[in-house]
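**Student:** quick one, what's the 3D model for this:
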Amino acid sequence: MERRGESAGIGVDHIGGPIAWREAGDRSKSPVLFLHGLGGSRLAWEPQLEGLSHRFRCIAWDLPGYGASEPLPHLTFPAIADAVVRLLDTLGLDRVDLVGLSFGGQQVQHVALAHPDRVRGLVLSDTSASFGADGTDADAWMRLRLDPLDAGVTPAEMAAPVLDSITGPRFGGHERDRLLHAFAQIPSDGLRAAVTCLPTHDVVARLGDIGAPTLVIVGDLDDETPMSYAEALASGIPDARLAIVEGAGHLTPTEAPNDFNTLVEQFLTTISGRAGTSRAPTR
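**Tutor:** You can find the predicted model right below:
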């Protein structure tokens with residue numbers, strides 16, 4: 001089943017199968033798949049679908065268990081990477097460029113390592129090579145997020161304080177409202193599964209195995225995954241470069257969409273193999 005996109009009417013929603021996604025841009029254009037963060041959904045990428053669909057076929061998914069996507073029996077990074085590949089098969093795409101924010105950026109790394117033949121280029125925004133590089137205790141981090149869920153607080157009720165704590169001081173207005181709406185699409189069980197999964201991320205020892213050209217983007221005001229995390233990614237991945245966005249916190253794609261989109265477009269148009277190949281869709 002398809003229906004027109006929500007919010008500003010950007011793109012088309014594809015709902016009714018195991019994975020839900022929103023798509024914008026001509027299908028003959030080079031495909032880019034966007035993976036959202038812990039507090040996002042496919043709606044979180046509206047500034048990118050709006051700003052990049054003139055150049056790319058932009059596809060933004062709901063993580064399994066998020067938005068309109070069905071949950072997995074066990075949400076793990078290998079299971080997420082396999083779910084990405086199943087979506088690519090559904091879309092009839094052999095290879096895509098992957099763009100991931102925070103938790104989504106961690107997922108991108110796992111896809112690139114487990115399925116290198118399905119990726120062409122990577123954009124890692126405000127993310128890390130492992131959880132807790134600054135000494136954060138995993139149990140304490142999880143309890144801070146799970147305790148409110150256990151008390152009956154919904155993701156929609158969490159959205160404003162969480163977003164305001166991780167974004168820069170100038171962030172607000174329409175873009176903030178769009179993120180609040182995206183956050184509100186998360187089912188409590190989906191957020192619970194993601195919070196349990198996220199601290200298991202650690203690919204530090206395997207960064208050198210990522211062969212795809214990579215752009216690492218970080219906001220200079222990001223305290224969640226700070227500059228040192230981005231520098232570690234950029235130095236550990238063989239073909240990687242680092243870009244810093246001034247005035248942005250942890251959610252650079254929405255806090256500074258024009259800067260972010262320009263960086264992504266310039267990077268993806270310079271890497272080789274733009275044509276890619278396709279296969280027959282499975283749906």
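**Student:** quick one: mean pLDDT over stretch 234-249.
**Tutor:** Mean pLDDT, computed over stretch 234-249, is 98.
**Student:** okay, buried residues for it please.
**Tutor:** By 16 or more other C-beta atoms under 10 Å, the buried positions in stretch 234-249 come out as 234, 236, 237, 240, 242, 243, 244, 245, 248, 249. (Each C-beta comes from the backbone N, C-alpha and C, glycine too.)
**Student:** quick one: low-confidence ranges for this structure?
**Tutor:** Regions of the chain meeting the criterion pLDDT under 70 cover residues 1-9, 272-283.
**Student:** now, the buried residues of stretch 234-249 that are in helices?
**Tutor:** Among the buried residues of stretch 234-249, DSSP state H puts 234, 236 in helices.
**Student:** and which of the buried residues of stretch 234-249 is nearest residue 264?
**Tutor:** residue 243 (9.5 Å; C-beta to C-beta).
**Student:** and the closest one, what does it touch?
**Tutor:** Contacts here follow C-beta atoms under 8 Å, 6 or more residues apart in numbering; on that basis residue 243 touches 215, 216, 217, 218, 263.
**Student:** now, among those residues, which is nearest to residue 31?
**Tutor:** Taking C-beta to C-beta as the measure, residue 215 is the one of the contacts of residue 243 closest to residue 31, at 16.8 Å.
**Student:** secondary structure class for residue 49?
**Tutor:** helix (DSSP: H, G, I helix; E, B strand; the rest coil).
**Student:** report the beta-bridge partners for the nearest residue to it once chain neighbours are set aside.
**Tutor:** Setting aside the residues directly before and after it, residue 49 is nearest to residue 24 in space (C-beta to C-beta, 6 or more residues apart in numbering), at 4.1 Å. Residue 24 has these beta-bridge partners by DSSP bridges: residue 58.
**Student:** okay, now residue 24: neighbour count?
**Tutor:** For residue 24, the count of nearby residues is 22 (other C-beta atoms under 10 Å).
**Student:** distance of it relative to residue 179?
**Tutor:** Using C-beta to C-beta, to the nearest Å, residue 24 is found at 18 Å from residue 179.
**Student:** next one: residue 226
**Tutor:** Distance, residue 226 to residue 179, by C-beta to C-beta: 20 Å.
**Student:** who's more crowded, the two?
**Tutor:** Just comparing residue 226 and residue 179: by other C-beta under 10 Å the higher neighbour count belongs to residue 179, 28 against 18.
**Student:** what's residue 71 in contact with, if anything?
**Tutor:** Under the criterion of C-beta under 8 Å, 6+ apart, the contact partners of residue 71 comprise 64, 65, 189, 190, 193.
**Student:** among the buried residues of stretch 234-249, which are in strands?
**Tutor:** 240, 242, 243, 244, 245 (DSSP state E).
**Student:** the last one is in contact with residue 259, isn't it?
**Tutor:** To tie it back to what came earlier, the one meant is residue 245. Yes: with contacts counted by C-beta atoms under 8 Å, residue 245 reaches residue 259, the gap being 5.0 Å.
**Student:** mind listing the shared neighbours of the two?
**Tutor:** Jointly contacting residue 245 and residue 259 under the rule C-beta under 8 Å, 6+ apart are residue 252.
**Student:** that older thread, adding neighbour count, write the contacts of residue 243 out as CSV.
**Tutor:** Formatted as CSV, these follow (neighbours: other C-beta atoms under 10 Å):
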residue, neighbour count
215, 23
216, 25
217, 29
218, 26
263, 20
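**Student:** residue 254: which of the residues you listed is nearest?
**Tutor:** Nearest to residue 254 out of the contacts of residue 243 is residue 217 (C-beta to C-beta; 12.5 Å).
**Student:** what helix or strand does residue 79 sit in?
**Tutor:** Residue 79 belongs to helix 77-91 when assigned by DSSP states H and E.
**Student:** for that helix, name the packing helices and strands.
**Tutor:** Under the contact criterion of 3 or more C-beta pairs under 8 Å, 6 or more residues apart in numbering; DSSP states H and E, helix 77-91 touches strand 31-35, strand 57-61, helix 103-114.
**Student:** and of these, who's closest to residue 161?
**Tutor:** When those are compared by C-beta to C-beta, helix 103-114 sits nearest residue 161, at 18.3 Å.
**Student:** please save the CA atoms from that closest one in CSV.
**Tutor:** The C-alpha coordinates for helix 103-114 follow below in CSV (Å, rounded to 0.1, in the frame of the first residue of the first chain):
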residue,chain,number,x,y,z
PHE,A,103,22.3,5.1,16.0
GLY,A,104,21.7,5.0,12.3
GLY,A,105,25.3,5.8,11.7
GLN,A,106,26.3,2.9,13.8
GLN,A,107,24.0,0.7,11.7
VAL,A,108,25.6,2.0,8.5
GLN,A,109,29.0,0.7,9.8
HIS,A,110,27.5,-2.8,10.4
VAL,A,111,26.0,-2.9,7.0
ALA,A,112,29.3,-1.9,5.4
LEU,A,113,31.1,-4.6,7.3
ALA,A,114,28.6,-7.4,6.8
